[in-house]
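1. One predicted model, sequence on top.
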Amino acid sequence: MSSKGGTTDKGSYSGDGGANEKKHQERQKKLQTNINKLKAKGATKESIAGLTAKKTKEAKKFEARTTGVAEGRKSVQSSIDRSGTDMYGSVASKATDDYLVETGQVKVGNYFRKEGGNFIRISKEEGERLYAAGDPSISRSTIGNKESQYLKYGKSDSAMGSGDPTGIMTSTAISAPMWKRQQKIKAMTLAALSFAVPMGAGTLMRMSAADAWKNKGQAGYDQYLNKFYSNMAGETSSYGVKSKTTENEKEQEVSSANITDTRTGGKTRKSDETRFKSLVAVTTGSGSVAESQRTLMKRSGKTISSGTVST
């Protein structure tokens with residue numbers, strides 16, 4: 001933004017959820033200084049308003065990518081708790097979209113009624129009424145942009161439970177039953193596909209299928225949790241951040257269909273206490289863990305232990 005007096009603001013700020021607050025405050029201070037310079041030099045109202053709008057936009061983006069993601073995660077966890085189900089992928093996705101609608105990050109698109117295996121579009125008036133009433137057959141699409149997708153799926157643009165702390169869905173862990181189902185599907189898919197490829201590749205795929213089947217139990221789920229908490233604490237970056245070269249902010253309509261694929265790995269087993277401390281370090285900046293803070297996967301009568309998971 002150039003001023004009447006030739007002052008140009010070339011700074012940029014991503015608003016990344018992992019950005020240092022000090023850096024954000026310095027950026028805001030710089031923008032305010034430039035605004036003051038424009039006023040002192042008698043710049044046009046349009047120039048001043050443009051830079052002021054930029055300062056406000058960056059402040060809102062920073063808030064959304066920090067406290068906004070944390071509040072969104074809490075809202076999603078609350079919905080999971082109320083649902084009483086261990087297979088809560090669709091619950092989490094819907095709760096995330098609802099949170100983004102409530103906070104003005106996305107707009108409501110169209111409403112649909114599920115009839116058998118089909119989704120029939122219905123009027124906005126009927127959709128709003130039935131959706132508000134909690135009709136389980138009613139769903140809705142949302143219209144957002146790159147920023148809203150970032151808030152939902154994080155910097156990595158990955159799936160639910162990946163452990164990317166910058167997204168609401170990615171920082172919500174999956175349950176043991178969800179993990180077991182994923183590994184079963186993975187094993188059966190790889191086994192079936194292995195017969196359609198050359199022998200060498202087929203053998204490797206069958207080995208991967210066997211590993212997936214083996215990892216569907218508690219030990220495999222423990223390894224997943226280890227990786228999830230490590231990612232949340234920033235100890236690894238295995239969720240695989242995808243670089244993006246476009247700054248396109250064009251709005252697009254997306255469905256609330258949920259994907260819960262996740263990556264596993266890690267040879268080091270951590271105790272639950274270590275996992276909880278890692279999470280608290282991310283969310284509160286403290287290494288001290290009170291019993292009341294252990295809520296990520298704690299739902300009505302369901303807790304995680306290193307040996308068993310009650311369902």
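-> It's in.

2. Double-check that residue 111 belongs to a strand.
-> Yes - judged by DSSP: H, G, I helix; E, B strand; the rest coil, residue 111 forms part of a strand.

3. From residue 64, how far out is residue 167?
-> 12 Å (Cβ to Cβ, to the nearest Å). (Glycine included, C-beta is placed from N, CA and C.)

4. Number of residues surrounding residue 205?
-> 19 (other Cβ atoms under 10 Å).

5. tell me which element it is part of?
-> helix 199-214 (DSSP states H and E).

6. still on that earlier bit, which of residue 167 and residue 64 has more residues huddled nearby?
-> residue 167 (29 against 22).

7. Enumerate every residue touching that one.
-> Neighbouring residues of residue 167 by Cβ atoms under 8 Å, 6 or more residues apart in numbering: 69, 150, 151, 152, 153, 154, 155, 156, 158.

8. Make CSV from those residues and add distance to residue 184, pLDDT and secondary structure to it.
-> Shown next, in CSV, are the contacts of residue 167 (distance: Cβ to Cβ, whole Å; pLDDT from 0 to 100; DSSP: H, G, I helix; E, B strand; the rest coil):
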residue, distance to residue 184, pLDDT, secondary structure
69, 31, 94, helix
150, 31, 94, helix
151, 31, 95, helix
152, 26, 96, helix
153, 24, 95, helix
154, 26, 93, coil
155, 30, 92, coil
156, 25, 93, coil
158, 21, 94, coil
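
9. Just name the closest of those to residue 96, please.
-> Among those, residue 152 lies closest to residue 96 (Cβ to Cβ), at 5.5 Å.

10. distance of the closest one from residue 78?
-> The gap separating residue 152 from residue 78 is 17 Å, by Cβ to Cβ.

11. The two: which has the busier surroundings?
-> Relative neighbour count places residue 152 above the other of residue 152 and residue 78, with 26 against 14, counting by other Cβ under 10 Å.

12. Run through the strands of the protein in chain order.
-> Along the chain, the segments classed as strands by DSSP state E run 107-115, 118-122, 138-144, 252-254.

13. The ones you listed into JSON lines, with extra columns for mean neighbour count and distance to residue 29?
-> Compiled in JSON lines, the strands of the chain are given as follows (neighbours: other Cβ atoms under 10 Å; distance: least, Cβ to Cβ, whole Å):
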{"stretch": "strand 107-115", "mean neighbour count": "16", "distance to residue 29": "33"}
{"stretch": "strand 118-122", "mean neighbour count": "13", "distance to residue 29": "49"}
{"stretch": "strand 138-144", "mean neighbour count": "20", "distance to residue 29": "30"}
{"stretch": "strand 252-254", "mean neighbour count": "13", "distance to residue 29": "35"}
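
14. Using JSON lines, please lay out those together with mean pLDDT and distance to residue 24.
-> Below are the strands of the chain laid out as JSON lines (pLDDT from 0 to 100; distance: least, Cβ to Cβ, whole Å):
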{"stretch": "strand 107-115", "mean pLDDT": "96", "distance to residue 24": "27"}
{"stretch": "strand 118-122", "mean pLDDT": "96", "distance to residue 24": "41"}
{"stretch": "strand 138-144", "mean pLDDT": "95", "distance to residue 24": "23"}
{"stretch": "strand 252-254", "mean pLDDT": "50", "distance to residue 24": "28"}
